[in-house]
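>>> below are the sequence and a predicted model; questions follow.
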Amino acid sequence: MTAVLPWLTLCVCVAMTAVRVPSAIRGQNRTMFLLFALLSADILLSIREPYLAIDAVLGGFNLANLLLRFMLYGTFLLLGAKTAAAFGSPAGLRAILGPAGITALLLVAVLTAWIFFSMDTRGSSAGLSGLGREPGLESYAALGRLYPGYVAACLLPGIWQAIRGAGPALLRFASGTLFLGLCLLLLSQGFPLIPESASWLRPAINYSAALACALGMGGIWLSKSLARRPGRG
């Protein structure tokens, strides 16, 4: 199941990107198209075979991993701003796009790049699994989880209000799915506590979080689209 989950997540994200193409061409809600496209690219670059092929083009020293980190930071900045606005959460929006949120993003990005270039990263390996006990690797991995976790924490209160609200069933179900995905992101902050004998849990949690977030965002978009149709409500 762990081997199938990355490809399943990629297929879902690509399908949702494709569904958004007609609207994006018409100039409608291109942010959602960009978000799903970014999610698709993130998942693609996290899978071993595409990762190795892309990293080989980039020089074979795991620069693709640094690229993935920065793509993820951009994805969660966009997801956070879009979601906070959609759920009417000014506090969440300020926390993500305000001085504290932008400072957190810049600090994490600078430290991520600094630690990456301070390590010996020669030899492509997905997830940097081939670097062994390279000094700085744990800090680098923790930084990669930190900003998505920060965005998740900013969004959860606003989404919880929607789940508890009196909105359409589809909206509440989709909000619950997104809530689950963000909770899994927060859970990923505890990865160092997972023993090596259960290391399969790390990718399972990561891809489940991505899949739940994608399905939740897609369900929210569908619910709002249905609500806007003539003759409804």
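That came through, no problem. Numbers count the residues shown, from 1 in each chain.

>>> let me know the next secondary structure element after the helix or strand hosting Leu185.
Taking DSSP states H and E as the definition, Leu185 sits inside helix 169-187. Following helix 169-187 in sequence order, the next helix or strand is helix 201-228 (DSSP H and E).

>>> still on that earlier bit, name the residues of the helix holding Leu185 that come out as buried.
Neighbour counts using 16 or more other Cβ atoms under 10 Å place 171-182, 184-186 of helix 169-187 among the buried residues. Every C-beta, even on glycine, is put in place using the N, C-alpha and C of the backbone.

>>> of the residues you listed, closest to Gly136?
Closest approach to Gly136 among the buried residues of helix 169-187 (Cβ to Cβ): Leu185, at 22.8 Å.

>>> ok, for Leu171, nearest residue in space, not its chain neighbours?
Excluding the flanking residues, the one nearest Leu171 by Cβ to Cβ, 6 or more residues apart in numbering is Ser223, at 4.0 Å.

>>> go on, Ala24?
According to Cβ to Cβ, 6+ apart, the nearest residue to Ala24 is Phe33 (3.8 Å).

>>> low pLDDT regions in this protein?
For the chain, the stretches with pLDDT under 70 are 1-2, 228-233.

>>> quick one: contacts for the residue nearest to Ala41 when sequence neighbours are not counted?
In space, Ala41 comes closest to Met71 once its chain neighbours are excluded; the distance is 6.1 Å by Cβ to Cβ, 6+ apart. By Cβ atoms under 8 Å, 6 or more residues apart in numbering, Met71 lies in contact with Leu38, Ala41, Asp42, Leu45.
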